[in-house]
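Colleague: just coords:
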């Protein structure tokens with residue numbers, strides 16, 4: 001099926017149901033959340049014991065993932081681009097790939 005220029009290739013959008021999330025929510029409700037609390041406690045225990053991935057996961061969940069710095073090589077030097085420049089570049093790439 002061909003789409004008209006400018007028409008989305010997925011006009012219905014992503015499916016609204018998320019099977020894994022729905023199954024997980026059912027499992028949590030069925031055992032009154034006991035296993036999810038146990039998993040959270042295990043994560044806290046591992047982080048307290050110094051497990052780096054557990055510490056990182058907690059930090060990401062509590063504070064959000066940190067912004068990533070993007071460096072761009074220009075000739076032989078590396079320069080940091082300001083956010084507005086990155087947004088402009090991303091917008092121009094999006095315009096090229098979607099039309």
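Modeller: The structure has been received and is ready for your questions. Quick caveat, the model's predicted, so the values are computed rather than measured.

Colleague: which regions of the chain lie under the pLDDT threshold?
Modeller: Residues of the chain that meet the criterion pLDDT under 70 lie in 1-17, 71-79, 94-99.

Colleague: quickly list the domain ranges of it.
Modeller: 19-63, 67-99 (automatic domain parsing).

Colleague: so of those, which one's packed in deepest?
Modeller: Highest mean neighbour count among the domains of the chain (mean count of other Cβ atoms under 10 Å): domain 19-63, with a mean of 11. Using the backbone N, CA and C atoms, a C-beta is placed for each residue, glycine as well.

Colleague: quick one: end-to-end distance for it.
Modeller: The first and last residues of domain 19-63 sit 27 Å apart, counting by Cα to Cα, to the nearest Å.

Colleague: and if you look at stretch 45-64?
Modeller: Distance across stretch 45-64, first residue to last, is 20 Å (Cα to Cα).
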